[in-house]
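Colleague: Quick one: sequence plus predicted model below, questions after.
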Amino acid sequence: ILGKGHASRKLADGQAPPATQMREPVAVFRGRWHVAYLQMLLNDRRMTEAYAAVERIALADDDPALPEAHYLRGLVHETNTRIADPKDPEHGVLLEPSRQPWITRHLGDASTWYRRALEARPSHREARLRLSRVELERGRHARALELLQPLREEPDATWIRGLAWLFTGASQAALGAITEAQRAFDRAAQHPE
């Protein structure tokens, strides 16, 4: 009745399977479930629930879902900076002049999580792109340009490459390199996606 995969089944020699054999598949499933759940909350724009879920995620350092979980944590914090009427549990609705500390805090948190995603998986292109945008918004243009370099050199004309050129142009314009910024914007326009 319990089926072949049930934990109480006996091995050929009459012993139950070691608990460690059962923990690994459950841990992998748990990590993937956290990522899928967080993606669903973000897609449905259920930010209050997504923010609460971010605080509850606890994955092992070797969990294969860890880079994506870190990326999504950063995305939750970054998205919170773009909400028109952000609510903070301590302050209620924040008016425009009082938004800056709130935005600064969430951009800092987003930066931390994106960096952790890149530490866990250096090839995570979206985490690199998002981190570069956060650095751009924080006024750290040299760092943004450094992060964008490998994305601009990708061989395929993807939306990530197009946004990398767009963010490059914005950083260069902020630094006063108008000619280089115009070239970057022209390159971004070549990516219709």
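Modeller: That came in fine, so what should we check first?

Colleague: show me the contacts for residue 191.
Modeller: Going by CB atoms under 8 Å, 6 or more residues apart in numbering, residue 191 touches 157-159, 161-162, 165. For glycine as for every other residue, the C-beta is placed from the backbone atoms N, C-alpha and C.

Colleague: Mark which of the residues you listed are buried, thanks.
Modeller: Listed as buried from these are 161-162, 165; burial here means 16 or more other CB atoms under 10 Å.

Colleague: Quick check, central residue of the chain?
Modeller: residue 71 (2.2 Å; CA atoms, centre = their mean).

Colleague: My read is that it contacts residue 130, right?
Modeller: Yes. Residue 71 lies in contact with residue 130 (CB atoms under 8 Å); the separation is 7.4 Å.

Colleague: which residues do these two both contact?
Modeller: residue 114.

Colleague: quick revisit: a markdown table for the contacts of residue 191, including pLDDT?
Modeller: Shown next, in a markdown table, are these (pLDDT from 0 to 100):
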| residue | pLDDT |
| --- | --- |
| 157 | 69 |
| 158 | 81 |
| 159 | 87 |
| 161 | 91 |
| 162 | 92 |
| 165 | 95 |
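
Colleague: with those residues in mind, which one is nearest to residue 46?
Modeller: Nearest to residue 46 out of the contacts of residue 191 is residue 159 (CB to CB; 24.8 Å).

Colleague: so where's the chain shaky on pLDDT?
Modeller: For the chain, applying pLDDT under 70 flags the ranges 1-25, 27, 83-99, 157, 192-193.

Colleague: which stretches of it form helices?
Modeller: Remark: helices assigned in the chain by DSSP state H are 19-43, 47-56, 66-80, 99-120, 125-137, 141-152, 159-174, 178-189.

Colleague: who touches stretch 29-44?
Modeller: Contacts to stretch 29-44, defined as CB under 8 Å, 6+ apart, come from residues 47, 49-50, 53-54, 57, 59-60, 63-66, 68-69, 72-73, 75-76, 79.

Colleague: and the residue nearest to the centre of the chain, what is it in contact with?
Modeller: Neighbours of residue 71 in contact, by CB under 8 Å, 6+ apart: 113-114, 117, 124, 126-127, 130.

Colleague: For the residues you listed, pick the one with the most neighbours.
Modeller: residue 114 (29 neighbours; other CB atoms under 10 Å).

Colleague: Find the nearest non-adjacent residue to residue 131, please.
Modeller: Excluding the flanking residues, the one nearest residue 131 by CB to CB, 6 or more residues apart in numbering is residue 114, at 3.8 Å.

Colleague: separation between that neighbour and residue 29?
Modeller: 25 Å (CB to CB, to the nearest Å).

Colleague: does residue 170 really touch residue 137, like I thought?
Modeller: No. Residue 170 is beyond contact range of residue 137, at 9.4 Å (criterion: CB under 8 Å).
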